[in-house]
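> model the following, please.
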Amino acid sequence: LLKKSEKVEKDYQIKKYFQIDMVSFSKKKKKGEDFSSVELEKATQYAAEDALMTLSTRIRNSANEILGSSEIDYKIHIDKEIDQEFHDFSERKNVVLIVKEALNNIAKYSKAKEVLINFKKIEKDFVLEITDNGIGFTQNFSKGNGLLNMKKRAEEIGGKFEIISEKGTSVKITIPKLRD
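Predicted coordinates:
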């Protein structure tokens, strides 16, 4: 039997690292079901891997997964300071999900030939900019959830979301260095 504090920690690890969706997690908890030792082992393994994988590695892996098999050439420039500054799981997750959403949109709709991902420190801010040379689009935040989700995720980490679509598209997230 687990002590209450161990059980809470176990549940926390599973929710945070094993990424069980909240609906399934809640249903299982309401039914009084416990998680198997295999699930806990996977959660622990994921936690260890997560601790070793830097934000820049996650961004590079995401770009490779999404754009690697496409005809789109991409370049990634990430300041070394980024990995040292972003330790919070929630911040890292939101940044990676913003990058993935932007890259998926580029791959699906932009007809771009080139993409540039820049993540750097500029004065007192961190600036993530994802730019393509595609066809651009009419900005309509009510169509689809992707742009709204990116905006929401940027705001969750204290950032500002901007999108410019003229010749190609540029998604820019400005995150203050000093944040909660």
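> what about the helix or strand containing Asn64, average pLDDT?
Following DSSP states H and E, one finds Asn64 within helix 55-67. Helix 55-67 shows a mean pLDDT of 94.
> contacts for it?
Outside of helix 55-67, the residues within contact range by C-beta atoms under 8 Å, 6 or more residues apart in numbering are 74, 76, 78, 82-83, 86, 92, 95-96, 99-100, 103-104, 106-107, 115, 117, 119. For every residue, glycine as well, the C-beta is placed using N, CA and C.
> okay, and which of those residues map to strands?
Restricting the contacts of helix 55-67 to those inside strands, with DSSP state E as the criterion, leaves Tyr74, Ile76, Ile78, Val115, Ile117, Phe119.
> okay, these in CSV with distance to Asn64 next?
As requested, those are exported to CSV (distance: C-beta to C-beta, whole Å):
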residue, distance to Asn64
Tyr74, 9
Ile76, 9
Ile78, 14
Val115, 12
Ile117, 11
Phe119, 16
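> so where's the protein uncertain?
Residues of the chain that meet the criterion pLDDT under 70 lie in 1-52, 139-144, 178-180.
> in it, mark out all the helices, start to finish.
Read by DSSP state H, the chain holds these helices, from start to end of the chain: 4-13, 22-30, 37-52, 55-67, 80-85, 89-105, 146-156.
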